[in-house]
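Undergrad: Here is my input; please provide its structure:
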Amino acid sequence: MQTNINNVSPMVAYYCDASYTGGAEKYLYYLAKYIPHDRFRPYLIFDEDSSAEKFISQLVREEMQFIKLSKNKHSFTGKYGRIISFFRQLKPDILHINLPGPFDASYSLVASLARLAGVKHIVSTEHLPMIPSFTKSRLMKGFNTKWIDRIITVSKDNTGHLVQNHRIPERKIKVVYNGIPGTLGKDGKDEDSLNSVDEGRFHLVIAGSLERRKGQTDAVKLMVELPDLVDLYIVGEGELEDELKKLVFSLELTDRVHFTGYREDMPEFLNGMDVMILPTRVDATPYVIIEAMSVGLPVIASGIYGIPELIDDKKSGILIKRGDIHGFAEAVRVLFKNRELYRDMSIKARERFKKKFTIEECIRNTIGVYNDLLRNKRNLRGKMD
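TA: Residues are numbered from 1 along each chain as shown. Sure, this is the predicted structure:
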């Protein structure tokens, strides 16, 4: 099915109230950019309080259609009445709500408001349903989720958390893995020029928001156990930056640990690295792992939640017990010393990306969810006629 009953491409409105630019925002950007525009009309909606300015700046540069939704903060009816009014005017065929954490979008209240406004089809994407909840939030989330027709989540592991923690019927859940554009050619390596780990320095990278759950503290600490030829590059911004820099100074690692800040040129930057490490404490399926595999970087990561679904352990990367700093250090040493193993993992990482985590595969499966909803609508209209 290509169009709706009025022969106009269905509009998909993507809603986000992100407080910063992270993987969940990248997810929305990829969906809106790469969904076939001859079949769907993407429209991005942000809360006026959103501080994902880097993300929004990118949308401006690429002339993608979006709006920052203003709300009256001084009254409950004014705040949420404007959302209802907005959706009544916009009339999207599908509203797709992005939920970096399970309680974003006001505990999915946006779904209830959109339904009141007459939106017929509502989809959400749950990224981190394993985050603990409390009674009040579970009740609010449970009520608002009733109005969501389909829930996309980014790993099979997430399905269990959605069913057990949030009481969501499994029949409503669809697993769609994250995907990114291929980086061969201009931004990437072909299989004949994958990292070969020369005899000089060995470059590790950890990328993500600088916050405790991401594991940058462990990444710095494990550097003490590694040879002097090993450098660590920390990519990202966040509240933990000052604390991390103090730790680096106290461990006398200032000449081997480098802070790059936020980078928009990740494919090019990763091409100069040798291994990605990710001693994360809480994550589902981080984009940085897929980005690393796309340019042939082996990834050493915590074997938690959805990460084992990304990394084929001992083949395309290495999984380590969460919090095991010594285990991470030993895995780095193995790849540093064993060039043949490194080369094999590098090739397999690239192959795994091409097989499972391309943007084409992600878009295809997401469109499948949209088409199921729109097809049901068309079938219902046929029965009514």
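Undergrad: Please make it C-alpha for all contacts and neighbour counts, starting now.
TA: Will do.
Undergrad: Please pull out the lowest mean pLDDT helix or strand from the chain.
TA: The helix or strand of the chain with the poorest confidence is helix 53-61; it has a mean of 75 (mean pLDDT, DSSP states H and E).
Undergrad: Return the alpha-carbon coordinates of it using PDB.
TA: Extracted in PDB, the C-alpha atoms of helix 53-61 (Å, rounded to 0.1, in the frame of the first residue of the first chain):
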ATOM      1  CA  GLU A  53      19.700  22.100  19.900                       C
ATOM      2  CA  LYS A  54      22.500  20.300  18.000                       C
ATOM      3  CA  PHE A  55      19.800  18.000  16.600                       C
ATOM      4  CA  ILE A  56      17.500  20.800  15.700                       C
ATOM      5  CA  SER A  57      20.400  22.800  14.100                       C
ATOM      6  CA  GLN A  58      21.100  19.700  11.900                       C
ATOM      7  CA  LEU A  59      17.400  19.700  10.800                       C
ATOM      8  CA  VAL A  60      17.600  23.300   9.800                       C
ATOM      9  CA  ARG A  61      20.800  22.800   7.700                       C
END
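Undergrad: That one: what's the following helix or strand?
TA: Going down the chain from helix 53-61, the next helix or strand is strand 66-69, by DSSP states H and E.
Undergrad: what residues does that following strand touch?
TA: Residues from elsewhere that reach strand 66-69 (Cα atoms under 8 Å, 6 or more residues apart in numbering): 43-48, 59, 83.
Undergrad: Give me the PyMOL select line for the residues you listed, limited to the buried ones.
TA: Buried residues among these (16 or more other Cα atoms under 10 Å), as a PyMOL selection:
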select buried, resi 43+44+45+46+47+59+83
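Undergrad: Among the contacts of strand 66-69, name the ones in strands.
TA: Assignment to strands by DSSP state E places the following of the contacts of strand 66-69 there: 43-47.
Undergrad: Using TSV, lay out the contacts of strand 66-69 together with distance to residue 93.
TA: Formatted as TSV, the contacts of strand 66-69 follow (distance: Cα to Cα, whole Å):
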residue	distance to residue 93
43	11
44	14
45	14
46	18
47	20
48	23
59	22
83	16
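Undergrad: Need the max-distance pair from the contacts of strand 66-69.
TA: Farthest apart among the contacts of strand 66-69 by Cα to Cα are 59 and 83. That separation is 21.8 Å.
Undergrad: What segments of this protein are strands?
TA: With DSSP E as the criterion, the chain has strands at 11-16, 41-47, 66-69, 94-99, 121-126, 150-153, 173-175, 202-207, 230-235, 257-261, 275-278, 299-302, 317-320.
Undergrad: Where among the ones you listed is average confidence lowest?
TA: Looking at the strands of the chain, the lowest mean pLDDT belongs to strand 66-69 (a mean of 80).
Undergrad: any idea how far that strand is from the chain center?
TA: Centroid separation for strand 66-69 versus its chain: 21 Å, with Cα atoms, centre = their mean, to the nearest Å.
Undergrad: again, but for stretch 57-64
TA: Per Cα atoms, centre = their mean, the centroid offset for stretch 57-64 relative to its chain is 19 Å.
Undergrad: So which bits of that stretch are buried?
TA: For stretch 57-64, by 16+ other Cα under 10 Å, it's 59, 64.
Undergrad: Residues in contact with that stretch: which ones?
TA: If you take Cα under 8 Å, 6+ apart as the criterion, stretch 57-64 is touched by 29, 33, 65-66.
Undergrad: again, but for stretch 275-283
TA: Stretch 275-283 is contacted from outside by 128, 203-207, 212-216, 218-219, 289, 292, 297-302, 304-307, 322-323, 328, using Cα under 8 Å, 6+ apart.
Undergrad: Give me the contacts around stretch 144-160.
TA: Residues contacting stretch 144-160 (Cα under 8 Å, 6+ apart): 107-112, 115, 121-130, 168, 170, 172-178, 284-285, 305-306, 309, 369, 373.
Undergrad: Of those, just the buried ones, PyMOL syntax please.
TA: Filtering the contacts of stretch 144-160 down to the buried ones (16+ other Cα under 10 Å) takes a single PyMOL command:
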select buried, resi 107+108+109+110+111+112+115+121+122+123+124+125+126+127+128+129+130+168+173+174+175+176+177+178+284+285+305+306+309+369+373
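Undergrad: quick one, what contacts residue 284?
TA: Neighbouring residues of residue 284 by Cα under 8 Å, 6+ apart: 127-128, 154-155, 158, 304-307.
Undergrad: and if we set it to 7 Å?
TA: 127-128, 155, 305-307 (Cα atoms under 7 Å, 6 or more residues apart in numbering).
Undergrad: picking that back up, can you say which of the contacts of stretch 275-283 are buried?
TA: Buried among the contacts of stretch 275-283 by 16+ other Cα under 10 Å: 128, 203-207, 214-216, 218-219, 289, 292, 297-302, 304-307, 322, 328.
Undergrad: gap between the closest residue in space to residue 260 that isn't next to it in sequence and residue 216?
TA: Here the nearest residue to residue 260 in space, its sequence neighbours aside, is residue 235; by Cα to Cα, 6 or more residues apart in numbering that works out to 5.2 Å. Distance, residue 235 to residue 216, by Cα to Cα, to the nearest Å: 10 Å.
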